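Novice: Model the structure of this input:
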Amino acid sequence: MILDAVQPGNQAAACGSAAAARSARSGGATATSSPTATCRVGSVSYTRSPARRSSNTVKVRDTPLVVETSGAPLQRWLLTTVRDLGGSAPRRAVHARVELVFGGDFTPDDSVPRRGRGKEQAWRNNLDSLYDRLKKNGLFLTAQAGDPWRLSSRGMAEANRLAAFEIKESVLLANFKPKSSDEYLARLQGVVLKKQRLHETLLASYGTALANDGWAASTVVHPRDLELRRKSDVWLAEVKVVYNGNGTEAARAALAQLLEYRYFFYAPPLTPGMVAVFSEAVGLTHTRLLESLGVASVWRASNCWHGSHTALTAGLVP
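Specialist: Next up is the predicted model:
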């Protein structure tokens, strides 16, 4: 079909003239319901109805992008966690270990409570959903509600594959962020005191040295000082500076904090080992005391690291 060339202004005039003619025929009254205008372009006429105004306004709300851990990372967390727990573990233990080992990798949205699931965090709900899917895929054995989560032979093979990769030092220290060891000023009752961050220096030195032995050191576990992980081994570390040779005070404080943190932050069957790291030796008596209570000891002396029998056996002495 060939249309006569009409300038845009002429088209608008034609539409306007048609509307004016209808208005004149109706006595000058303008229709308020749904007026139309007949327009002509060349030899073709068409009727145009103006868009109706709706009283219902649709408001578009800006919703921030939700970023929760899913897909391959979440599957790696689940499979390797159950593998490290022996291939079978209750749901509660699996959740506890995922939070312990991978909690430093959670996104802010992972910790947001899932709507409709009470106060359950999003990552827990996502982990449960993934477990159900992997049962259907054959990576977990079929189980009833309340039964332990058990890897199938295929699931164990996949977990071994995911765990069998070389860990670089940059990865081992990814969550190892000790504070600055520079001197800082503290104001106490109007008196300005100049302090040294000996604690942070000791923490940085120990964590970096252990990374050379394949330990993943994480300080993103506040209020705990340090968490150490290598393969299936998990250790909770408390770092103490021995002031004025007072090994008694340092040993007492380390023991109390280690027991408190293990009680509140971990759930059976996941019970991490405990190690106290001192800036100097606290004495044989206190070392034996800590050993009898299940706490290994590591200390710095003559620019070298030393440790108790348990610490040496566990590979916690760099």
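
Novice: what's the spacing between residue 68 and residue 261?
Specialist: Residue 68 is 27 Å from residue 261, where distance means Cβ to Cβ, to the nearest Å. From N, CA and C alone the C-beta is placed, and that goes for glycine too.

Novice: Next: residue 230.
Specialist: Computed with Cβ to Cβ, the distance linking residue 230 and residue 261 is 19 Å.

Novice: likewise residue 92?
Specialist: For residue 92, the distance to residue 261 equals 19 Å [Cβ to Cβ].

Novice: more crowded one of these two?
Specialist: Neighbour tally, residue 92 and residue 261, criterion other Cβ atoms under 10 Å: the higher count belongs to residue 261, 19 against 12.

Novice: what helix or strand is the more buried one on?
Specialist: Secondary-structure assignment from DSSP states H and E places residue 261 in helix 247-265.

Novice: how about residue 134, what does it touch?
Specialist: The contact partners of residue 134, taken as Cβ atoms under 8 Å, 6 or more residues apart in numbering, are 75, 78, 79, 140, 155.

Novice: Which of the residues you listed fall in helices?
Specialist: Filtering the contacts of residue 134 for membership in helices, criterion DSSP state H, returns 75, 78, 79, 155.

Novice: Quick check: the gap between the closest residue to residue 318 other than its chain neighbours and residue 269.
Specialist: For residue 318, the nearest residue in space outside its immediate sequence neighbours is residue 209; the separation is 3.5 Å by Cβ to Cβ, 6 or more residues apart in numbering. According to Cβ to Cβ, residue 209 stands 30 Å off from residue 269.

Novice: Same question for residue 299.
Specialist: Summarising the geometry, the distance separating residue 299 from residue 269, computed by Cβ to Cβ, is 30 Å.

Novice: which of these two has more neighbours?
Specialist: A side-by-side neighbour count of residue 299 and residue 269, using other Cβ under 10 Å, places residue 299 first with 24 against 13.

Novice: Return the set of buried residues in whichever strand or helix holds the more buried one.
Specialist: Per DSSP H and E: residue 299 is located in strand 295-301. Buried residues in strand 295-301, counting neighbours by 16 or more other Cβ atoms under 10 Å, are found at 295, 296, 297, 298, 299, 300.

Novice: relative to helix 247-265, how tilted is that strand?
Specialist: Orientation note: strand 295-301 sits at an angle of 130 degrees relative to helix 247-265 (axes from the mean of the first three to the mean of the last three Cα atoms, to 10 degrees).

Novice: Strand 295-301 pairs with which strands?
Specialist: Taking DSSP bridges as the criterion, strand 295-301 sits next to strand 273-278 (parallel), strand 304-307 (antiparallel) in its sheet.

Novice: winner for burial among the ones you listed?
Specialist: The highest mean neighbour count among these belongs to strand 273-278 (a mean of 24), with neighbours defined as mean count of other Cβ atoms under 10 Å.

Novice: quick one: residue 205 and residue 303, what's the gap?
Specialist: 10 Å.

Novice: In terms of neighbours, single out the busier of the two.
Specialist: residue 205 (18 against 5).

Novice: where's that one, which helix or strand?
Specialist: Secondary structure here is read from DSSP H and E; on that basis residue 205 sits in helix 198-211.

Novice: Buried residues, that helix. List them.
Specialist: Along helix 198-211, these residues count as buried under the neighbour rule (16+ other Cβ under 10 Å): 199, 200, 201, 202, 203, 204, 205, 206, 207, 208, 210, 211.

Novice: I'm done for today, thanks for sticking with me.
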